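J.: Here's my sequence, what's the structure:
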Amino acid sequence: MLIFLDVDCIPAPRLVADYATQMTAADGLFMGEVMYLPAGAAAAGWDYETFNAIAVRHSDRQGPPEEPRRACADYRCFWSLNFAMSRNAWDRAGGFDERFEGYGGEDTDFGRTLSEIQMPIWWIRGARVFHQYHQHCMPPIHHVASVIRNSELFASKWGHRTMEHWLHAFRMMGLIENCRTGLRILREPDADDFALCRQAEDMPYAATGRVIRILEDRERTQQGLAPTDESMRDRIAAMHRDQDDLLTPPSTRSVAAE
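T.: Numbers count the residues shown, from 1 in each chain. Here you go, the predicted model:
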């Protein structure tokens, strides 16, 4: 049994037992629960009772299922922050593609591989970790170059780009554009960009969805329109409709789409 955790995560006492229970009942990849701790929570004297009382779920992530295990139908939801699989399943999947360097894309690529070989991905209840607070930016404007590189690598394998919500935000911020040769960086992020995207001390996690909402409302205000009251689901659907030029490599599009 192989269990993968990000280094900034503290495993709950039953994490191994919870994964072992699920892996005796089904095959595939299993994703446990992730809870986010506020700043200072992991200081001296911490305990799990306190963690359970103050940790929160990420607003952009699906919560655990009501039942012990539920199939995840969208490989893009795979997140390597907390997951487990058998050695046999790992060998069948072939592991991560080590050409993905730096930040972004390797999770989605691995999830796509599992989808292609029809290996199930499961949300499970339990197998909890507590993500420790550390200042971060979402979207990851401190990693624009590697996000672009890895998105293009993903496209070379699967025919379309990934990390579309980050690319969408980068475009709205004027950091990138799509040109005939691929995605191109227009400028480096400035202090205002970091102020917008940086996780504050009163935020247990950084969320791209929050930044996209702010950017879209700014655009509407500039156009003389009232801020939208659309749900995040509606915003994401609109983003997917309107940003095909960022998702598709130029080599697969017509000249008219430039």
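J.: which residues in this protein form helices?
T.: With DSSP state H as the criterion, the chain has helices at 15-23, 48-54, 87-93, 106-116, 144-158, 164-172, 191-197, 208-222, 232-242, 244-247.
J.: I'd like to know which of those helices is closest to Pro64.
T.: Of all the helices of the chain, helix 15-23 sits nearest to Pro64, with 10.5 Å by CB to CB. In this view, the C-beta of every residue, glycine as well, is placed from N, C-alpha and C.
J.: list the buried ones in that closest one?
T.: Across helix 15-23, burial judged by 16 or more other CB atoms under 10 Å covers 15, 18-19, 22-23.
J.: same check, this time on stretch 37-53
T.: Neighbour-count burial for stretch 37-53, with 16+ other CB under 10 Å as criterion, is recorded at 37-39, 41-42, 51.
J.: could the buried residues of helix 15-23 be laid out in CSV, adding distance to Trp79 and pLDDT?
T.: CSV is the format used below for the buried residues of helix 15-23 (distance: CB to CB, whole Å; pLDDT from 0 to 100):
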residue, distance to Trp79, pLDDT
Leu15, 16, 98
Asp18, 17, 98
Tyr19, 15, 98
Gln22, 17, 96
Met23, 18, 95
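J.: What is the nearest of those residues to Ile117?
T.: Met23 (18.0 Å).
J.: got the contact list for stretch 89-106?
T.: Contact partners of stretch 89-106, identified using CB atoms under 8 Å, 6 or more residues apart in numbering, comprise 2, 27-29, 80, 85, 109-110, 113-114, 117, 119, 140, 143, 145-147, 149-151, 153-154, 157, 162-163, 166.
J.: any idea how far Gln135 lies from Leu37?
T.: Distance of Gln135 to Leu37, given as CB to CB, to the nearest Å: 13 Å.
J.: Revised request: answer the last question for Ala206.
T.: With CB to CB as the criterion, Ala206 and Leu37 are 14 Å apart.
J.: Also Ala25?
T.: 30 Å.
J.: likewise Gly182?
T.: 39 Å.
J.: do Asp27 as well
T.: Taking CB to CB, one finds Asp27 at 32 Å from Leu37.
J.: could I get the helices of the chain as a markdown table with distance to Pro68?
T.: Output for these, formatted as a markdown table (distance: least, CB to CB, whole Å):
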| stretch | distance to Pro68 |
| --- | --- |
| helix 15-23 | 7 |
| helix 48-54 | 19 |
| helix 87-93 | 19 |
| helix 106-116 | 20 |
| helix 144-158 | 32 |
| helix 164-172 | 30 |
| helix 191-197 | 36 |
| helix 208-222 | 28 |
| helix 232-242 | 27 |
| helix 244-247 | 35 |
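J.: which one of those helices has the most crowded surroundings?
T.: Across the helices of the chain, averaging neighbours per residue (mean count of other CB atoms under 10 Å) puts helix 164-172 on top, at a mean of 22.
J.: Which elements pack onto that helix?
T.: Packing contacts for helix 164-172, counted by 3 or more CB pairs under 8 Å, 6 or more residues apart in numbering; DSSP states H and E, involve helix 144-158, strand 176-179, helix 208-222, helix 232-242, helix 244-247.
J.: let's see it at 6 Å
T.: helix 208-222, helix 244-247 (3 or more CB pairs under 6 Å, 6 or more residues apart in numbering; DSSP states H and E).
J.: could you give me the average pLDDT of the longest one?
T.: Across helix 208-222, pLDDT averages out at 88.
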